[in-house]
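Engineer: Please find the sequence and the predicted model below.
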Amino acid sequence: MDDATVYRNREEQTQQASIEPHHHATDDLHHHFSSSMFPNKKELRDNTSSYGKQLKTTNQRHNKQKRQDQQDHQQDHQHHQQQQQQQQQQQQQHQQQQQQQQQQQQQQQQQQQQQQQHQQHQQQQQRKRKLLKIEYQIIMEQQQQQQLQQQQQNSMSDPILMMTIKGGQDRSHNFVVAMDKSVSSQQDIHDWDRKMGLKRSHSKTMRLSMRSRKKLTALLMKKKK
């Protein structure tokens, strides 16, 4: 074997030695990536099943939380509605109370007005009664005066004269004495009293009323005849 052949053999061995380690490393790397990134069917099924379970659990948890949130939202909404209803009821009650108070005030005002009207009516009736009483008194006094004037006129036309004399020196009293027109002195009055059957006290100390005057006049007229 010549030197050239030996050299070629050595060169081939060197190249083969350099190629074989690289080939083994590539196989190892391929096996590594194949086993990690591309698992076999069983591992793929297991991984898929696990992922599906996790996804299902996650979806269930999410749906449960969503339902819970909806329930909470509904409860909050219902609670808010209840609060609004309670507030409305309270407002209605307050309005009713105000209306009742207003009605009570109106009733009190009406009662006060009725009382005032009743008092005014009573006062008017009292005034009317007083006025009627005063008018009646005035009318009666006028009638009495008219009767007295008529009697005096009748007496002046009769032969009997009605006169007023004073009796006593220390005090003055007005007395009505019936006497004849011919009587002109105190002694004539006494004589006339005795003649007519009258006591002295009748002409000096007794005030004669209208009734007594009428009786006295009638008596004198009867005796005169």
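Structural biologist: Done, it's in.

Engineer: only C-alpha atoms for contact and neighbour calcs from this point on.
Structural biologist: OK.

Engineer: Which elements pack onto the helix ranked longest in the chain?
Structural biologist: Criterion DSSP state H: the longest helix present in the chain is helix 41-157. Secondary-structure packing of helix 41-157 (3 or more Cα pairs under 8 Å, 6 or more residues apart in numbering; DSSP states H and E): strand 160-166.

Engineer: Apply 10 Å and report the result again.
Structural biologist: With contacts taken as 3 or more Cα pairs under 10 Å, 6 or more residues apart in numbering; DSSP states H and E, helix 41-157 sits against strand 160-166, helix 210-224.

Engineer: so for that helix, what's the average pLDDT?
Structural biologist: In this model, helix 41-157 has a mean pLDDT of 84.

Engineer: Lowest average confidence across the helices and strands packed on helix 41-157, which one?
Structural biologist: strand 160-166 - the lowest mean pLDDT of the helices and strands packed on helix 41-157, at a mean of 40.

Engineer: quick one, domains of the protein?
Structural biologist: 106-157, 159-224 (automatic domain parsing).

Engineer: Please point out which parts of stretch 85-103 sit buried.
Structural biologist: By neighbour count on 16 or more other Cα atoms under 10 Å, the buried set for stretch 85-103 is empty.

Engineer: Could you export it as PDB, CA atoms only?
Structural biologist: Presented in PDB, the C-alpha positions along stretch 85-103 are these (Å, rounded to 0.1, in the frame of the first residue of the first chain):
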ATOM      1  CA  GLN A  85     -92.100  51.000  47.100                       C
ATOM      2  CA  GLN A  86     -91.500  51.600  50.800                       C
ATOM      3  CA  GLN A  87     -90.600  55.200  50.100                       C
ATOM      4  CA  GLN A  88     -93.800  55.600  48.000                       C
ATOM      5  CA  GLN A  89     -95.900  54.100  50.700                       C
ATOM      6  CA  GLN A  90     -94.300  56.400  53.300                       C
ATOM      7  CA  GLN A  91     -95.000  59.300  51.000                       C
ATOM      8  CA  GLN A  92     -98.600  58.200  50.600                       C
ATOM      9  CA  GLN A  93     -99.000  57.800  54.300                       C
ATOM     10  CA  HIS A  94     -97.500  61.300  54.900                       C
ATOM     11  CA  GLN A  95     -99.900  62.700  52.300                       C
ATOM     12  CA  GLN A  96    -102.800  61.000  53.900                       C
ATOM     13  CA  GLN A  97    -101.800  62.300  57.300                       C
ATOM     14  CA  GLN A  98    -101.500  65.800  55.800                       C
ATOM     15  CA  GLN A  99    -105.000  65.400  54.300                       C
ATOM     16  CA  GLN A 100    -106.400  64.300  57.600                       C
ATOM     17  CA  GLN A 101    -104.800  67.200  59.400                       C
ATOM     18  CA  GLN A 102    -106.300  69.600  56.800                       C
ATOM     19  CA  GLN A 103    -109.700  68.000  57.100                       C
END
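
Engineer: Please enumerate residues in contact with it?
Structural biologist: With contacts defined as Cα atoms under 10 Å, 6 or more residues apart in numbering, stretch 85-103 is touched by His79, His80, Gln81, Gln82, Gln83, Gln84, Gln104, Gln105, Gln106, Gln107, Gln108, Gln109.

Engineer: Burial check on the third one, number of neighbours?
Structural biologist: In other words, Gln81. For Gln81, the neighbour count with other Cα atoms under 10 Å is 12.

Engineer: Now for it: which residues touch it?
Structural biologist: Taking Cα under 10 Å, 6+ apart as the test, what Gln81 contacts is Gln75, Gln87.

Engineer: Since that was my last question, I'll sign off now.
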